[in-house]
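# just the structure for this:
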Amino acid sequence: MLLLGDLEFRSRLLVETGRYADLDTMARVHDASGTQLVTVAVRRADGHDGSLATILDHIDRSRVTVLPTTWGCHTAEDAVATAHLAADLLETRRIKLDVIGCPQTLFPCTEGTLEAARELVKEGFAVLPHCGDDPVVCNRLMDMGCIGVMPLAAPIGSGRGVANPERLALLRAQVDGPLIVGAGLGTASDAARAMELGADAVLVHTAIAGAVDPVGMARAMRLAVEAGRAAFESGRASPRLHATSGSVREQPVRQTGAPA
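Predicted coordinates:
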């Protein structure tokens, strides 16, 4: 089970709510993916003009938890204010924290993320921050009370997959807490790779919404996440450069990181 704060999920696939051709497609994607947690960008879906309510009408909230985000914020102050707006609109103290540091690359701002996370945790929010793949930053966020961390695998929307698998494996070895890969995955094999390296879950957006068949890709992502997690928990056989007899019993590789 995936544990995030006081919530428990069977599904380890998180999806978003934007960029679909229509809201019916979004709802079908949620169903095909088996997700139990979807994110909503509060600033993108302006609650004052009714669009947020329209999105929520197409989410089965009896089985899916809605996690608002501060996407679009460039400062800690703006992110904190947006988190309060989300709390008022959605009646939740859970927030995915996004503080954009660069408008071209959309990389998160480390300083702003740390500042906003510290303030929101102090105010009683359950914070899931989007951040770089830096174990020092991830551990500081966990130490201040975040319910998990969401490092990127590659630039947002790039579809490059896990650009630095060694770094992700290092994060799993050094970060004691839920590790959710939150950006850059392009197809199902990328999701499986992230899970095999020890991610507790993945958040997928562009790879599904931008696919020729979003519903089919959502289904593929679901299967990939399940397979990747099973492979991580099973422990892969030791890799080697040369052939070896299949009759020889050797100790398999055991990856570090306790299952969440």
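
# where does pLDDT dip in the stretch 151-260 of the chain?
245-260 (pLDDT under 70).

# same thing but 90
154-159, 161, 182-183, 236-260 (pLDDT under 90).

# same thing with the stretch 1-150 of the chain?
Looking at the stretch 1-150 of the chain by pLDDT under 90, you get 18-19, 42-54, 102-106.

# which stretches of it form strands?
Remark: strands assigned in the stretch 1-150 of the chain by DSSP state E, counting those that start in this stretch are 2-4, 7-9, 13-16, 37-41, 65-69, 94-97, 126-131, 150-151.

# check the stretch 151-260 of the chain too.
Using DSSP E, counting those that start in this stretch, strands in the stretch 151-260 of the chain cover 180-181, 201-204.

# pull the distance from the last one to the chain's centre.
Between the mean C-alpha point of strand 201-204 and the mean C-alpha point of its chain there is a distance of 4 Å (C-alpha atoms, centre = their mean, to the nearest Å).

# can you start the count at 556 instead of 1 from here on
Noted, 556 is the first residue going forward, which turns the last one into strand 756-759.

# report all helices and strands that it contacts.
Counting contacts by 3 or more C-beta pairs under 8 Å, 6 or more residues apart in numbering; DSSP states H and E, strand 756-759 is packed against strand 568-571, strand 735-736, helix 743-751, helix 769-789. Every C-beta, even on glycine, is put in place using the N, C-alpha and C of the backbone.

# then the shortest one?
Packed against strand 735-736, as judged by 3+ C-beta pairs under 8 Å, 6+ apart, are the following elements: strand 705-706, strand 756-759.

# what pairs with that strand, and is each one parallel or antiparallel?
If you go by DSSP bridges, strand 735-736 pairs up with strand 756-759 (parallel).

# can you put the strands of the stretch 556-705 of the chain in CSV and add mean neighbour count?
As requested, the strands of the stretch 556-705 of the chain are arranged in CSV below (neighbours: other C-beta atoms under 10 Å):
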stretch, mean neighbour count
strand 557-559, 19
strand 562-564, 14
strand 568-571, 26
strand 592-596, 23
strand 620-624, 21
strand 649-652, 26
strand 681-686, 26
strand 705-706, 26
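
# could I get these in TSV, plus columns for distance to Val584?
Shown next, in TSV, are those (distance: least, C-beta to C-beta, whole Å):
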stretch	distance to Val584
strand 557-559	19
strand 562-564	17
strand 568-571	6
strand 592-596	9
strand 620-624	15
strand 649-652	18
strand 681-686	21
strand 705-706	20
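
# between those strands, which one is closest to Ser744.
strand 568-571 (14.4 Å; C-beta to C-beta).

# could I get that closest one in CSV with only the CA atoms?
What follows is strand 568-571, C-alpha atoms only, in CSV (Å, rounded to 0.1, in the frame of the first residue of the first chain):
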residue,chain,number,x,y,z
LEU,A,568,-0.3,5.7,-10.2
LEU,A,569,-1.3,9.4,-9.8
VAL,A,570,-2.7,11.4,-12.7
GLU,A,571,-3.6,15.0,-13.4
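
# hmm, who's touching that strand?
Strand 568-571 is contacted by residues 584-585, 588-590, 592-596, 622, 735, 746, 756-760, 763-764, 773, 776-777, 780 when judged by C-beta atoms under 8 Å, 6 or more residues apart in numbering.

# if you set the cut-off to 6 Å instead, what comes out?
With C-beta atoms under 6 Å, 6 or more residues apart in numbering as the test, strand 568-571 has contacts from 588, 590, 592-594, 756, 758-760, 776-777, 780.
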